[in-house]
Each structure stands twice: as C-alpha cells, then as structure tokens.
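# Quick check, what structure comes out for this input:
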Amino acid sequence: MKKFWLLVLPLLGLSSCYTPQRNCNDFRTGTFEFESFLDGELQKTTFVRNDTLEIDYFRGSQDSSSIRWINNCEYILTNLNPKNRAEEKPIHMKILTTDGDTYTFEYGLVGETRKERGTAKRIK
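You can find the predicted model right below:
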C-alpha cells in the first residue's frame with residue numbers, strides 16, 4: 001500500500017499544476033460552428049461574431065444578437081429581434097478553455113443558476 005501512495009501522490013501533484021489554456025482574445029471574432037443534440041438529432045449552428053454583433057445561422061434561419069463584453073472571456077448576448085418573451089432574456093457566455101481552433105464555453109440565461117456547456121470550432 002505504501003508503494004501505491006508513493007506512485008500516486010507525485011501524479012496528483014503534477015495534475016494539480018496543469019492549467020488549461022485560455023486565449024480568449026483569439027476567439028473574440030470569427031466564424032464558428034457549434035454542434036448539439038436537439039430532439040435526438042445532431043444539429044449544427046454556424047455563427048459569425050465581431051466585437052459587437054453575433055449572427056447565428058440555424059436550420060435555414062438567421063438571428064442577430066448584440067454583444068457586450070464583460071471581460072476578455074465573458075460576454076452577454078441580447079437578441080436583437082426576439083420572437084417571444086423567452087428570446088428577450090439575455091444569455092451569459094463564458095469561454096472556459098481554448099485549444100487550437102476550438103474553445104469550450106459555458107452559457108446560461110442571465111440571473112439563472114442552470115448552465116450548459118459546449119464546444120465551438122473556428123472555421124474562418
């Protein structure tokens with residue numbers, strides 16, 4: 001048992017030193033894809049983002065949202081043309097990690113505790 005701990009403790013120590021990359025400025029602007037399961041089907045959303053505007057393309061329709069950056073890794077999306085009350089609620093987006101041309105993010109309605117995660121890939 002003592003040998004086990006002699007092997008495991010150094011590994012735990014090394015893993016606690018790992019800090020994931022977070023180069024958020026590299027993902028402020030560009031064209032990205034995000035895939036998610038909706039109604040049991042894999043759906044792809046493409047979105048184009050600059051410093052103040054994000055345009056989403058999903059299932060043949062287009063939607064625009066304004067962007068207000070909180071810091072380099074967090075921003076608030078507000079739908080510019082909401083079709084119902086649910087779409088009026090702003091969404092808080094937070095980039096958690098970056099890796100090459102992808103980033104992992106967390107999102108949820110502003111003021112709500114429920115958060116979801118996803119991964120987006122830069123395509124342009």
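# Tell me the bridge partners for the residue most central in space within the chain.
Central residue of the chain (CA atoms, centre = their mean): Phe105, 2.4 Å from the mean position. Beta-bridge partners of Phe105, counted by DSSP bridges, are Ile95, Gly118.
# Now do the contacts for it.
The neighbours of Phe105, taking CB atoms under 8 Å, 6 or more residues apart in numbering as the test, are Met93, Lys94, Ile95, Leu96, Arg117, Gly118, Thr119, Ala120. For the C-beta atoms, the positions are set from N, CA and C on the backbone; glycine is no exception.
# what about burial for those, which qualify?
Buried residues within the contacts of Phe105, counting neighbours by 16 or more other CB atoms under 10 Å: Met93, Lys94, Ile95, Ala120.
# from memory the third one sits against Trp69, does it?
No: taking contact to mean CB atoms under 8 Å, the distance of 11.0 Å between Ile95 and Trp69 leaves them out of contact.
# Can you tell me, leaving aside adjacent residues, what's nearest to Asn50?
Nearest non-adjacent residue to Asn50, counting by CB to CB, 6 or more residues apart in numbering: Thr29, 5.0 Å away.
# Can you report phi and psi for the one you found?
Thr29 adopts backbone torsions of phi -130, psi 160, taken as degrees, to the nearest 10.
# what about it, distance to Leu38?
26 Å (CB to CB, to the nearest Å).
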